[in-house]
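Asks: after the sequence you'll find the predicted model.
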Amino acid sequence: DAKTTQPPSMDCAEGRAANLPCNHSTISGNEYVYWYRQIHSQGPQYIIHGLKNNETNEMASLIITEDRKSSTLILPHATLRDTAVYYCIVNTDKLIFGTGTRLQVFP
Amino acid sequence: DGGITQSPKYLFRKEGQNVTLSCEQNLNHDAMYWYRQDPGQGLRLIYYSQIVNDFQKGDIAEGYSVSREKKESFPLTVTSAQKNPTAFYLCASSVTNYGYTFGSGTRLTVV
């Protein structure tokens, strides 16, 4: 079973920051937090991952709470092309996907 | 360019027939995975392999079989024992603790 909880859907205005939350209260000390997104009928795309520290790359930022029980994916300036299902995953050796958050970016 | 190739993109199968989905990667990744996705659902793990000649069952392995004779290849056979095989199948590969790379998927339809 997936070890994460995410809201089923969210909306965001184009150009604004999209903040996608994820709860993973049973995370173990050696488990990473991964974020992927899937645009309709395509394979999931890797976004970012982290263990303890906050991370940033060209796509997004990942904020992990100090107790590691939750995290937030931040898309700083959402565009229409960011409309997708976003999956938060906790793993050690294999990815177990939940149902994710369907993010709708509107003009 | 490195990546994962899944073929075919669309596949039609008659009931009672076995069918094999191809997955090839040139990323030199040790681990490979097969997932199934049904409409409006998340991905479910079928099988995975972390090294050549070894593989493990995932959450929904019944009715499926795999082989890992080469590092680059991880074919999935959907057997006649799989009662509801119509789905979108995704293959992925990874290096431990780094991001997975997914193929573009095979859409299997039983006719």
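Replies: Okay, I see it. Because the structure is predicted, anything quoted here is derived from the model rather than measured.
Asks: tell me the bridge partners for the residue sitting nearest the centre point of chain B.
Replies: In chain B, the C-alpha nearest the mean C-alpha coordinate belongs to B:Trp34, at 3.2 Å (Cα atoms, centre = their mean). Applying DSSP bridges to B:Trp34 yields these beta-bridge partners: B:Tyr47, B:Cys91.
Asks: which residues touch it?
Replies: B:21, B:23, B:45-48, B:58, B:64, B:66, B:74, B:76, B:89-91 (Cβ atoms under 8 Å, 6 or more residues apart in numbering or on different chains). C-beta coordinates here come from the backbone N, C-alpha and C atoms, glycine included.
Asks: ok, now with 7 Å
Replies: By Cβ atoms under 7 Å, 6 or more residues apart in numbering or on different chains, the contact set of B:Trp34 is B:Ile46, B:Tyr47, B:Val66, B:Leu76, B:Tyr89, B:Cys91.
Asks: ok, now B:Phe88?
Replies: For B:Phe88, the contact set (Cβ under 7 Å, 6+ apart) comprises B:Gln37, B:Gly105, B:Arg107.
Asks: filter those to the buried ones?
Replies: When the contacts of B:Phe88 are checked for burial by 16 or more other Cβ atoms under 10 Å in any protein chain shown, the buried set is B:Gln37, B:Gly105.
Asks: of the contacts of B:Phe88, which is the nearest to B:Leu27?
Replies: Closest approach between the contacts of B:Phe88 and B:Leu27, by Cβ to Cβ: B:Gly105, at 17.1 Å.
Asks: please report how far the closest one lies from B:Gln50.
Replies: 22 Å (Cβ to Cβ, to the nearest Å).
Asks: so which of the contacts of B:Trp34 is the closest to A:Gln6?
Replies: Using Cβ to Cβ, B:Ile46 comes nearest to A:Gln6 of the contacts of B:Trp34, at 22.7 Å.
Asks: model confidence for the closest residue to that closest one other than its chain neighbours, exactly?
Replies: Leaving aside its chain neighbours, B:Ile46 sits nearest to B:Trp34 (4.3 Å; criterion: Cβ to Cβ, 6 or more residues apart in numbering or on different chains). With respect to pLDDT, B:Trp34 has a value of 97.
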